[in-house]
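J.: Structure of the sequence below:
(one chain, ligands or ions: 2)
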Amino acid sequence: MKYEQKNPVPVPQSGPFSDVESTMQTVFDWEYALKQQNLLALYEKGKRNNWNATELDWGADVDIERIMRERAANMAGNDMMAKVLAPPRDLTDAESVELQLNMNAFMLSQFLHGEQGALLATSKIVQTVPWEEAKFYAASQVMDEARHVEVYHRYLTEKLGISYEVHPSLQVLLDDIIRDSRWDVTFLGMQIMVEGLALAAFGLLKMMMPDEPLIQDITSRIMADESRHVAFGVITLEDIYTKQMGASELREREDFVIEATYMLRERLLMHQVFERLDWDADVWVPWATNTPFMKGFRQMTFSKIVPNLKRLGLLTPRVRAEFEKLDLLRFENLKDSVEEPEATPPQELVALLMQMLAKDAEAQTAA
Ligand SMILES: [Fe+2]
Ligand SMILES: [Fe+2]
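T.: Ligands and ions are numbered 1, 2, ... in the order given. You can find the predicted model right below:
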């Protein structure tokens, strides 16, 4: 593995390293019972489907600016897109390209930071999960995550040239996941919430970048890995939450889900992008919050989390009430990661996104 960091990722204000104090119980499993066949099958699949970053075509010329310029030209005079994006002021073509380049880099940067979180959280799971077969699988996931960090980092620094530091909300959530002493909460935070969101977001990214073959290849490979990781979480937690855990402990998990949901939403608000562009955050942050496309995008990123929470018995009245406010219950009847371990096909996402946009446009016309 060798690549040139032409454009290093900016470090957060707090400095290049940060540490989290965590208390955890490291568990040895002397029984080696290896009872859970579904976890062992996942472990075999993980080993079989290993890949190396060197298989990607790093020599490819990645020119996102050209792609964005072509898109801006195609979109010029397109009423539908203007309505969907509805910027708070007219943008020149150059500004529109700049905005899209930065939004794309911001999103990929948060993917990178989330991958580092997954690497650390899953290495913690190797130690804390009580069953040997789950330790096996977690170990194979740790390898996947190192590769994901490597690939996104290389893409951002060598190919894209623009990147962002970790979003404060994402950092807080990752810290919480690492800090928590309850091993199931590490799973709930990482495999169900963060990776569930990533799986859906990767699907959206693929859909939005059909004209960039390298990111298509990267994303397809990572999505195949992530779908196993999310399934790992669901398989491991299902019986514990639906059959074994008592009401007061479950209530704490509900609280965690609600908090994590708000933090994950915030991480998509991109105030860092407008600061970097030196555009008025008071104008642009509300735009990024409310414009139909961005709203639709944020909601879509929960399309895998919601059905998985339902399977885990965590779509309780309290969680439902919060999700209702955020209009996330629309996903509750989609397939969960056991019924459909692979990511939802992009066509379905497109259809759903289009429906949302149509509904929003209707509501706006009516208002
Ligand atoms: Fe990953
Ligand atoms: Fe993962």
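J.: Just the closest residue of the stretch 151-300 of the chain to ligand 2, please.
T.: His229 (3.7 Å; Cβ to the ion). Any C-beta I mention is one placed from the backbone N, CA and C, and that applies to glycine too.
J.: Surely that residue and Gln191 touch.
T.: Yes. Judged on Cβ atoms under 8 Å, His229 makes contact with Gln191 at a distance of 5.7 Å.
J.: shaky segments in the stretch 1-150 of the chain?
T.: Applying pLDDT under 70 to the stretch 1-150 of the chain picks out residues 74-84.
J.: about what we covered before: for the residue of the stretch 151-300 of the chain closest to ligand 2, which non-adjacent residue is closest in space?
T.: If the residues on either side of it in the chain are set aside, His229 comes closest to Glu195, at 5.0 Å by Cβ to Cβ, 6 or more residues apart in numbering.
J.: That neighbour: what's it in contact with?
T.: Applying Cβ atoms under 8 Å, 6 or more residues apart in numbering to Glu195 gives the contacts 118, 226, 229-230, 233.
J.: run the last query once more with 6 Å
T.: 226, 229-230 (Cβ atoms under 6 Å, 6 or more residues apart in numbering).
J.: rewinding a little: which SSE is the residue of the stretch 151-300 of the chain closest to ligand 2 in?
T.: Assessed by DSSP states H and E, His229 sits inside helix 213-239.
J.: Name the next helix or strand downstream of that helix, please.
T.: Next along from helix 213-239, by DSSP H and E: helix 247-266.
J.: What's the first helix or strand after that following helix?
T.: Following helix 247-266 in sequence, per DSSP H and E, is helix 271-277.
J.: Which strands and helices lie in contact with that following helix?
T.: helix 93-128, helix 281-290 (3 or more Cβ pairs under 6 Å, 6 or more residues apart in numbering; DSSP states H and E).
J.: Now the shortest one: buried residues?
T.: Read it as helix 281-290. Neighbour-count burial for helix 281-290 flags 281, 284-285, 287-289 (criterion: 16 or more other Cβ atoms under 10 Å).
J.: which residues touch the one residue in the stretch 201-350 of the chain that gets nearest to ligand 1?
T.: Per Cβ to the ion, Glu226 is where the stretch 201-350 of the chain lies closest to ligand 1, at 5.5 Å. Applying Cβ under 6 Å, 6+ apart, we find Glu226 in contact with 195, 198-199.
J.: per-residue confidence at it?
T.: Looking at Glu226, its pLDDT reads 94.
J.: Can you tell me the closest non-neighbouring residue to it?
T.: Leu199 (4.8 Å).
J.: Show me how far stretch 192-204 is from its chain's centre.
T.: Centre-to-centre, stretch 192-204 and its host chain are 4 Å apart (Cα atoms, centre = their mean, to the nearest Å).
J.: Ok, stretch 1-19 next?
T.: 20 Å.
J.: thought Ser303 was touching Ala201?
T.: No. Counting by Cβ atoms under 6 Å, Ala201 is not a contact partner of Ser303; they are 9.8 Å apart.
J.: In contact with the residue positioned nearest the centre of the chain, which residues?
T.: The geometric centre of the chain, computed from its C-alpha atoms, lies nearest to Ala198 (Cα atoms, centre = their mean), at 2.1 Å. Contacts were defined as Cβ under 6 Å, 6+ apart; by that measure Ala198 touches 114, 226.
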